[in-house]
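In: Quick one: sequence plus predicted model below, questions after.
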Amino acid sequence: LIHDLDSFRRRRLTIPHEISRLNHSDSIIVHSERMKNWLHENGIKADLEVLGVFDYLSDRRSSGKNLAASHPRVLFVGALSTFHSDFLYKLGRSPRSFDMVLYGNGFEPDKFEGQVDHKGYTRSDDLIATAEGEYGLVWYGSSLEGGVGPEGEYLQYNAPHKLSLYIRCGLPVIIWKKAALASFVEENGIGICVSSLLDLDAIITQMTKESYNALRMNVAKVNERISQGYYCKEAIQKAYAKLSPEIK
């Protein structure tokens, strides 16, 4: 089960070196169809199964809060410094009608303009039960445009744990429309796919309570699955079925 492709994201390995390592396996569970295609293009010989989204096991449950009446809140969890998440500071300077809620370390308040609620670091299990916000943002890099920089580019192939965390928090997600998991978000009706964060304000402003509640209901269905390890177990069963057809 691939956690990360180091030759792609951090460049710690050459592509041939990583492919050689992976080819010691009979079957590999990959994050997405795009990651599967990338591996095939670079010489993988092992059988590949697509995970779809990472499961997220925890006994905690989301609070199930409703959409804020006047000021929706967009939540982001992660490294908050300008070095890691400069897009947040650019979004803060952009005209917007939604508020931002940030969880994590490294926040630089003197560089942030506009309304923000910085909660500091919170353990993920605790966050599931206490998250404040109406949407969870899956974004990387320095730009308000998607796919910029190594981590932004990697979003075209990987399944971010951040997305699974937001689902466990009961939140519809916001993700770059060319991200590998954008299709998963659309097919399951669990969020918003955008080309640029500059488009976000208009989309959120036009969101009706009925449409938002429909997203929340769909999130609840996926939440139940990932809380029980559904996607990982399904991928493993498919891999076993190909390698040993007699195994049911």
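Out: Thanks, I have the structure now. None of the values given here were measured: they were computed from a predicted structure.

In: who's in contact with the top helix by length along the chain?
Out: Using DSSP state H, we find that the single longest helix of the chain is helix 209-226. Applying Cβ atoms under 8 Å, 6 or more residues apart in numbering, the set of residues contacting helix 209-226 from outside is 53-56, 62, 66-67, 134, 164, 167-168, 170-173, 188-191, 231. Backbone N, C-alpha and C define where each C-beta goes, glycine included.

In: and if we set it to 6 Å?
Out: If you take Cβ atoms under 6 Å, 6 or more residues apart in numbering as the criterion, helix 209-226 is touched by 55, 56, 67, 164, 167, 168, 170, 172, 188, 189, 190.

In: List the backbone torsions phi and psi for the closest residue in space to residue 122 that isn't next to it in sequence.
Out: Excluding its sequence neighbours, the residue lying closest to residue 122 (Cβ to Cβ, 6 or more residues apart in numbering) is residue 103, at 5.2 Å. Main-chain dihedrals, residue 103, degrees, to the nearest 10: phi -120, psi 130.

In: which residues pair with residue 103 across the strands?
Out: Beta bridges link residue 103 to residue 77, residue 120, judged by DSSP bridges.

In: picking up where we left off before, save the contacts of helix 209-226 as TSV, and put in distance to residue 224 too.
Out: Shown next, in TSV, are the contacts of helix 209-226 (distance: Cβ to Cβ, whole Å):
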residue	distance to residue 224
55	11
56	11
67	21
164	13
167	10
168	10
170	11
172	16
188	12
189	15
190	12
